[in-house]
Structure formats: C-alpha cells, structure tokens
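[1] Just need the structure, nothing else, for what follows:
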Amino acid sequence: MLSMDSKTFSRSQFLPPLLAGAAAGTAVDVSLFPLDTIKTRLQSENGFWKAGGFRNIYAGIGPTVLGSAPTAALFFCSYESTKVLLGKASRKPASSRTLATHHMVAAMTGEVIACILRVPVENVKQKSQASRERSSHIYRTILREEVRNR
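    So this is what the prediction gives:
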C-alpha cells in the first residue's frame with residue numbers, strides 16, 4: 001500500500017486502505033457470522049437450545065453489517081497512517097527491526113482505534129444472537145442502563 005519512505009499521506013493514499021478495509025471486514029464478518037452465532041449461543045447463560053439453537057442463525061446480523069465496514073476501515077486507515085507517521089519520525093534509514101516495530105505499533109494503534117466502534121457493536125450483536133429481542137431494542141436497553149449507571 002504505502003512505502004515507509006512516504007513523506008506525505010494524501011487523500012488518494014487514504015482511500016485504498018479505507019475501501020479495502022471496509023470490504024474485507026464486511027466479507028469476513030458476514031461469511032463467519034453463523035459460526036459466531038453458534039459460539040455465542042454455546043456460551044449463553046441460557047444454554048444453547050434456549051438461546052435459539054440452530055434457528056435464526058443470522059439473528060443480530062444487522063449490527064454486524066452496519067458496524068463491520070466502518071470498524072475495519074478505521075483499523076486499516078489508522079494502521080497505514082501510523083506507519084507513515086512513524087516512518088517520517090525516523091531520522092535514519094529504518095532497519096528491519098525498526099520496520100517490524102513500526103508495524104507492531106501501527107497494528108496496536110489501529111486495533112485500539114477500531115475497538116472504539118467495535119466493542120459497542122459486538123455488545124449489541126452478541127446480545128441479539130443469544131436472545132430473541134430485536135437489535136434496536138437491545139441497543140436502547142444498553143443506552144438506558146448506561147445512562148442510569150452513571
């Protein structure tokens with residue numbers, strides 16, 4: 001995508017990681033959603049069968065579809081931006097150890113930034129998978145409880 005020698009991070013360089021991240025994140029999340037639902041129901045306090053068993057295996061996919069593209073796009077944009085910033089901050093040519101460190105720091109930064117959106121989406125998704133309530137009702141309930149607990 002971007003070389004570590006880049007001196008600027010223009011809008012045209014920002015677009016490919018944004019689009020690639022959004023497409024990849026959505027494709028992975030939607031294709032693995034049935035397995036994730038089964039895992040969530042196996043871990044449910046109510047037990048697998050009371051949580052829905054194999055019925056409505058796509059329950060809760062709405063929050064996943066809405067959240068996966070922006071979450072993955074945030075990760076990849078943050079990752080690429082951080083690599084460029086770290087590359088610009090280096091005063092001498094980067095060694096392989098320095099480049100590896102840049103990639104690790106960029107990945108950590110991308111993950112933290114993406115989790116700002118991913119965690120609330122996952123919360124609604126998992127509650128939708130393990131209950132028979134609509135995602136919108138679960139979202140409102142979570143907001144009400146959070147406001148009450150503050």
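
[2] CA only for contacts and neighbour counts going forward, please
    Fine.

[3] Now do the helices in this structure.
    Ranges of helices within the chain are 11-31, 33-42, 61-89, 96-130, 135-148, based on DSSP state H.

[4] Just the CA atoms of the least confident helix or strand in the chain by mean pLDDT, as CSV, please.
    Least confident helix or strand, the chain: helix 135-148 with a mean of 80, by mean pLDDT, DSSP states H and E. Taking Å, rounded to 0.1, in the frame of the first residue of the first chain, the C-alpha atoms of helix 135-148 are listed here in CSV:
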residue,chain,number,x,y,z
SER,A,135,-31.2,-5.3,17.9
SER,A,136,-32.8,-1.9,18.1
HIS,A,137,-34.5,-2.8,21.4
ILE,A,138,-31.2,-4.2,22.8
TYR,A,139,-29.4,-1.0,21.7
ARG,A,140,-32.0,1.2,23.5
THR,A,141,-31.8,-1.0,26.6
ILE,A,142,-28.0,-0.8,26.8
LEU,A,143,-28.1,3.0,26.4
ARG,A,144,-30.8,3.3,29.1
GLU,A,145,-28.7,1.1,31.5
GLU,A,146,-25.5,3.0,30.8
VAL,A,147,-27.2,6.4,31.4
ARG,A,148,-28.7,5.1,34.7
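
[5] Show me what it packs onto, helices and strands only.
    Counting contacts by 3 or more CA pairs under 8 Å, 6 or more residues apart in numbering; DSSP states H and E, helix 135-148 is packed against helix 96-130.

[6] packing partners for the helix it packs on?
    helix 33-42, helix 61-89, helix 135-148.

[7] how near is the nearest residue to Phe54 once chain neighbours are set aside to Val84?
    Distances taken as CA to CA, 6 or more residues apart in numbering put Ile38 closest to Phe54, at 7.3 Å, once the chain neighbours are dropped. Noted for Ile38: a distance of 40 Å to Val84, by CA to CA, to the nearest Å.

[8] quick one on the thing from earlier: need the winner for burial among the helices and strands packed on helix 96-130.
    Highest mean neighbour count of the helices and strands packed on helix 96-130: helix 61-89, a mean of 21 (counted as mean count of other CA atoms under 10 Å).

[9] That helix relative to helix 33-42, how many degrees between them?
    110 degrees (axes from the mean of the first three to the mean of the last three CA atoms, to 10 degrees).
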